[in-house]
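Enquirer: Okay, here's the prediction I keep looking at, along with the sequence it came from:
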Amino acid sequence: MFGKKELKVAIGDRFVKSDDPKTVWVVSGRGSSVVPIPHFQVVREGYESRVRTLSEQVLLDSQYYLRVK
């Protein structure tokens, strides 16, 4: 749409769950390229063994995740 800034997810971006602002998740890589919606691997900051695969759509939905600096 006109005038609306398109947000994208990039490696190194940091997010917190909207209901858990103390736990930071860092985008570490791309997920599956098979699906039409981009997916990303995120790791828990300080606990790199905790890995999740999330869609870009979920990461950018403020009901689920918030971008942090």
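Expert: Right, received. Where do you want to start?

Enquirer: Residue 41 against residue 25, yeah?
Expert: No. Taking contacts as Cβ atoms under 8 Å, residue 41 lies outside contact range of residue 25: 9.9 Å. From N, CA and C alone the C-beta is placed, and that goes for glycine too.

Enquirer: What segments of this protein are strands?
Expert: Assigned by DSSP state E, the strands in the chain fall at 14-17, 20-30, 39-44, 47-55, 65-68.

Enquirer: Contacts only, for the residue nearest the centre of the chain.
Expert: In the chain, the centroid-proximal residue (Cα atoms, centre = their mean) is residue 59; its distance is 4.0 Å. Residues in contact with residue 59 (Cβ atoms under 8 Å, 6 or more residues apart in numbering) are 9, 13, 15, 27, 40, 42, 65.

Enquirer: Reformat those as TSV; add neighbour count.
Expert: Formatted as TSV, these follow (neighbours: other Cβ atoms under 10 Å):
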residue	neighbour count
9	21
13	18
15	22
27	20
40	23
42	23
65	20
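
Enquirer: my guess is residue 44 contacts residue 25, does it?
Expert: Yes. In this structure, residue 44 is within contact of residue 25 by Cβ under 8 Å, at 5.9 Å.
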